[in-house]
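Participant: let me see the structure of the following:
(one chain, ligands or ions: 1)
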Amino acid sequence: MNIYKYCPSCGTPLKTATIENRTRKTCPSCSWIHYENPLPVALAYTVNQSGKLLVVRRAHPPAYNAWALPGGFIESGETPQEGCLRELREETSLNGRIDRLIGAYHRESEMYGSLLAVAYKVIVSEETLQINHELYEADFYPFEEIPRITIPLHQKVIHDARDHESQKSEENIPSFPVRSGRIT
Ligand SMILES: [Zn+2]
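Facilitator: Coordinates of the predicted model:
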């Protein structure tokens with residue numbers, strides 16, 4: 001995404017140059033350089049007390065009408081955790097708490113360019129929710145019944161979260177008989 005034609009600092013038409021091994025736009029007058037960075041996004045993999053997953057149906061592009069995890073852009077001055085919980089609260093009125101980091105991901109978005117997505121597992125104790133204008137619907141689903149999610153990043157987050165949960169449950173089951181007493 002190359003949005004600048006003129007220097008946002010002094011208004012001079014920008015030139016293209018190779019700087020630090022990348023093609024970047026730069027200002028021949030004041031040396032301003034357009035460093036392009038990914039936009040930070042937080043995603044909330046949200047479960048309720050009975051372990052059901054919150055899935056929302058989006059009412060705005062990108063991914064219009066698609067089933068998704070709640071989330072959005074992190075604001076300046078906000079931690080990723082705060083951004084994650086704020087987006088959840090704005091979209092669904094639910095107050096959650098961060099359980100753990102699921103992962104950090106890079107994706108190319110047609111609409112926004114490079115994205116850096118940080119996904120957290122969030123736990124909520126409330127069951128009733130109220131959606132805002134960004135969504136058509138939102139509800140908690142048992143895993144066998146969640147609507148089909150087609151956004152590759154959200155699929156990946158759900159996969160990684162589930163993978164971690166299943167490893168955790170395997171750790172709790174000893175794979176060999178545990179003997180008590182002193183081993184000699
Ligand atoms: Zn300039």
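Participant: flag every residue of this structure that's near the ion.
Facilitator: Residues of the chain lying near the ion by CB under 5 Å from the ion: Cys7, Ser9, Cys10, Thr12, Cys27, Ser29, Cys30, Trp32. (Glycine included, C-beta is placed from N, CA and C.)
Participant: can you say which of those residues are buried?
Facilitator: Burial by neighbour count, judged by 16 or more other CB atoms under 10 Å, picks out Cys7, Cys27, Trp32 from the residues of the chain next to the ion.
Participant: which ones are touching the spatially most central residue of the chain?
Facilitator: Nearest residue to the geometric centre of the chain (CA atoms, centre = their mean): Leu43, 2.8 Å. With contact set as CB atoms under 8 Å, 6 or more residues apart in numbering, Leu43 has these partners: Leu69, Pro70, Gly71, Cys84, Ala117, Val118, Ala119, Tyr120, Leu153, His154, Val157.
Participant: can you pick the most crowded of those residues?
Facilitator: Within those, neighbour counts (other CB atoms under 10 Å) peak at Cys84, which reaches 29 neighbours.
Participant: so that residue touches Tyr120, yeah?
Facilitator: Yes: contact criterion CB atoms under 8 Å: Cys84 and Tyr120 qualify, at 4.9 Å.
Participant: buried residues in the lowest-mean-pLDDT helix or strand in the chain?
Facilitator: Averaged element by element with mean pLDDT, DSSP states H and E, the chain has its least confident helix or strand at helix 152-172 (a mean of 89). In terms of neighbour count (16+ other CB under 10 Å), helix 152-172 has its buried residues at Leu153, His154, Lys156, Val157, Ile158, Asp160, Ala161.
Participant: try stretch 123-137
Facilitator: Neighbour-count burial for stretch 123-137 flags Val124, Leu129, Ile131, Glu134, Leu135 (criterion: 16+ other CB under 10 Å).
Participant: tabulate these (JSON lines), appending pLDDT.
Facilitator: JSON lines is the format used below for the buried residues of stretch 123-137 (pLDDT from 0 to 100):
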{"residue": "Val124", "pLDDT": "98"}
{"residue": "Leu129", "pLDDT": "96"}
{"residue": "Ile131", "pLDDT": "97"}
{"residue": "Glu134", "pLDDT": "95"}
{"residue": "Leu135", "pLDDT": "97"}
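Participant: so what strands line up beside the lengthiest strand in the chain?
Facilitator: In the chain, assigned by DSSP state E, the strand with the most residues is strand 96-109. Sheet pairing of strand 96-109 (DSSP bridges) gives strand 113-124 (antiparallel).
Participant: strands of the protein, start to end?
Facilitator: 15-19, 22-26, 39-47, 53-58, 67-68, 71-73, 96-109, 113-124, 135-141.
Participant: any idea which of those strands is most buried?
Facilitator: strand 39-47 (a mean of 23; mean count of other CB atoms under 10 Å).
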